[in-house]
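>>> the sequence isn't on hand, but the structure is:
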DNA sequence: CTGGATCCATGATGATACTG
DNA sequence: CAGTATCATCATGGATCCAG
């Protein structure tokens, strides 16, 4: 395997970091590992379009750089990749890119653009975190076919986390990914088909209000 | 010219942003434009290693994306490139990369690694901003052969800015880039050759203290 | 089935030289 | 000064195949 070792040779922290995470796909692999350990095929699915060759190469580079580790337990087929502490520290980089995108590069889903729950919810958490003044604690559980996610506010920041089975949520949303995407762009008061929003009425109202505020900020999606 | 149009096709703000600024060299061009307008050859010099062909292509892409503009005045050979407001909003992305690099990817200058004043001072500003508790206002003017820079704290954040001719600095440092780099790693109290540090004694002492604190945090450079 | 590896095509980047 | 032109190389994509 030809390992990528291109450098910039600048005495500069930004350049040095980009030598490690600047290659195509790398920050997207990290984005998807930020919500918890994933298997090779989990990553393939989320990173729609990456080839197995490139994903393998990127994962080996992340291991070499000390940003991720591979859990290969004997007797188990699955290989679980997860971020090291240094890898998790790249969260602010991913968030900074996302926040810029929300302000300057947002656009409607393109025709044929696959929709992944994790990416959609990350955008939602990002938008609420940066545009709403409301940072009171909250726990929203999303139950999509196949996997669950938690969007929560710890009193300071809104973020997307993997599911904690112990979690008790204020609001539980059950829907398909497509139905939830449609809901995001449903005007307030309109009927909300194919989506179930359960929880304390006050919490549900707050949920709808924050989603509505987000949609209005983001503009003409 | 073959224009780069590779996309990720994810419905994701991070991926969308990386489609615009994720290509090799792009964020480094932005890094160097963040301190003010630059000419083609200014950028060539700072981006040591980039080829003119690639730089031309990147600048055209930045123009197409609305991140930079080219000032071509008739009768003048010089072309000045500068960031748009959207381009300047990428500052936090560059800073996030830099801050991660300070914690996880720092290393001594490699043999033969060119040293540029702007990159060196950006690292200094980054390190002080993130590691020192001192965020009182300050203005440090650096006079290097060829160009001047201002490292300042506005009461909240330390940053590197282009030179404002009106600026009245607390501390004025006159040296070569190499002498200043040596000074950074000089133990406190040791002689400081080939560097002139002028200003109010209190301000100079604060300057030396913050530089010393930075060097100790950054570790075994 | 998961987690890759292999082969080939193409396009992006690099090196060097040259020009309006 | 601000790029082009040409050629070489390397990274990535697409498709297919394979071993546990």
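Structure received. Model, not experiment: these values are computed from the prediction.
>>> for the residue lying closest to residue A:47 once chain neighbours are set aside, what is the enclosing helix or strand?
Excluding the flanking residues, the one nearest residue A:47 by C-beta to C-beta, 6 or more residues apart in numbering or on different chains is residue A:28, at 5.9 Å. Just so you know, the C-beta spots here come from the backbone N, C-alpha and C atoms, and that holds for glycine as well. Residue A:28 is part of helix A:26-33 when elements are defined by DSSP states H and E.
>>> for that helix, name the packing helices and strands.
helix A:13-21, helix A:40-46, helix A:52-64, strand A:68-72, strand A:79-83, helix A:91-104, helix B:13-21 (3 or more C-beta pairs under 8 Å, 6 or more residues apart in numbering or on different chains; DSSP states H and E).
>>> any residues of chain A in contact with DNA strand C? List them.
When proximity is defined by C-beta under 7 Å from any atom of the strand, chain A lies next to DNA strand C at A:1, A:6, A:39-42, A:51-53, A:56, A:59, A:70, A:77-79.
>>> go with 6 Å
Within chain A, the positions lying close to DNA strand C (C-beta under 6 Å from any atom of the strand) are A:6, A:39-41, A:52-53, A:56, A:77-79.
>>> that older thread, does the helix holding residue A:28 come close to DNA strand D?
No. With C-beta under 6 Å from any atom of the strand as the criterion, DNA strand D is not reached by helix A:26-33; the gap is at least 8.2 Å.
>>> how far does that helix sit from its chain's centre?
The chain centre lies 9 Å from the centre of helix A:26-33; the measure is C-alpha atoms, centre = their mean, to the nearest Å.
>>> the inter-axis angle of that helix versus helix B:13-21?
180 degrees (axes from the mean of the first three to the mean of the last three C-alpha atoms, to 10 degrees).
>>> got the angle between helix A:26-33 and helix A:91-104?
Going by the same axes, to 10 degrees, helix A:26-33 makes 100 degrees with helix A:91-104.
>>> residues in contact with helix A:26-33?
Under the criterion C-beta atoms under 8 Å, 6 or more residues apart in numbering or on different chains, residues A:20-21, A:38, A:42-43, A:46-47, A:55, A:58-59, A:61-62, A:67-68, A:81-83, A:87, A:90, A:93-94, A:97, A:118, A:122, B:8, B:10, B:12, B:14-15, B:18, B:22 lie in contact with helix A:26-33.
>>> could you list the low-pLDDT ranges of chain A?
A:1-4, A:165, A:217-221 (pLDDT under 70).
>>> let's see that with 90 instead.
Within chain A, the segments meeting pLDDT under 90 span A:1-5, A:48, A:72-78, A:106-114, A:131-133, A:146-147, A:161-168, A:181-182, A:184-193, A:212-221.
>>> the most centrally placed residue in it - nearest residue in space that isn't next to it in sequence?
Closest to where the C-alpha atoms of chain A average out (C-alpha atoms, centre = their mean) is residue A:122, at 3.9 Å. Nearest residue to residue A:122 in three dimensions, chain neighbours excluded: residue A:160, at 4.9 Å (C-beta to C-beta, 6+ apart).
>>> so what's the residue count around the one you found?
23 (other C-beta atoms under 10 Å in any protein chain shown).
>>> helix/strand/coil for it?
strand (DSSP: H, G, I helix; E, B strand; the rest coil).
>>> OK, contacts around it?
Shown in contact with residue A:160 (C-beta under 8 Å, 6+ apart): A:35, A:118, A:121-122, A:124-125, A:149-151.
>>> gap between it and chain B?
12 Å (C-beta to the nearest C-beta, to the nearest Å).
>>> same deal with residue A:142?
For residue A:142 relative to chain B (C-beta to the nearest C-beta), the value is 16 Å.
>>> what's across from that residue in the sheet?
Going by DSSP bridges, residue A:142 is paired in beta bridges with residue A:149, residue A:173.
>>> would you agree it is in contact with residue A:117?
Yes. Taking contacts as C-beta atoms under 8 Å, residue A:142 lies within contact range of residue A:117: 7.0 Å.
>>> quick check: neighbours shared by these two?
Common neighbours of residue A:142 and residue A:117 are listed as A:149, A:180 (criterion: C-beta under 8 Å, 6+ apart).
>>> in what helix or strand does residue A:129 lie?
Residue A:129 belongs to helix A:117-131 when assigned by DSSP H and E.
>>> follow-up on the earlier one: identify each buried residue in the helix holding residue A:28, please.
Neighbour counts over helix A:26-33 (16 or more other C-beta atoms under 10 Å in any protein chain shown) mark A:26-33 as buried.
>>> closest one to residue A:185 out of the residues you listed, please.
residue A:31 (23.3 Å; C-beta to C-beta).
>>> one step back: can I get the helices and strands packed on helix A:26-33 in CSV including mean neighbour count?
What follows is the helices and strands packed on helix A:26-33, written out as CSV (neighbours: other C-beta atoms under 10 Å in any protein chain shown):
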stretch, mean neighbour count
helix A:13-21, 24
helix A:40-46, 17
helix A:52-64, 16
strand A:68-72, 15
strand A:79-83, 18
helix A:91-104, 22
helix B:13-21, 24
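>>> which of the ones you listed sits closest to residue A:189?
Proximity to residue A:189, assessed across the helices and strands packed on helix A:26-33 by C-beta to C-beta, is greatest for helix A:91-104 (25.0 Å).
>>> which elements pack onto that closest one?
Using 3+ C-beta pairs under 8 Å, 6+ apart: helix A:91-104 touches helix A:26-33, helix A:117-131, helix B:13-21, helix B:91-104.
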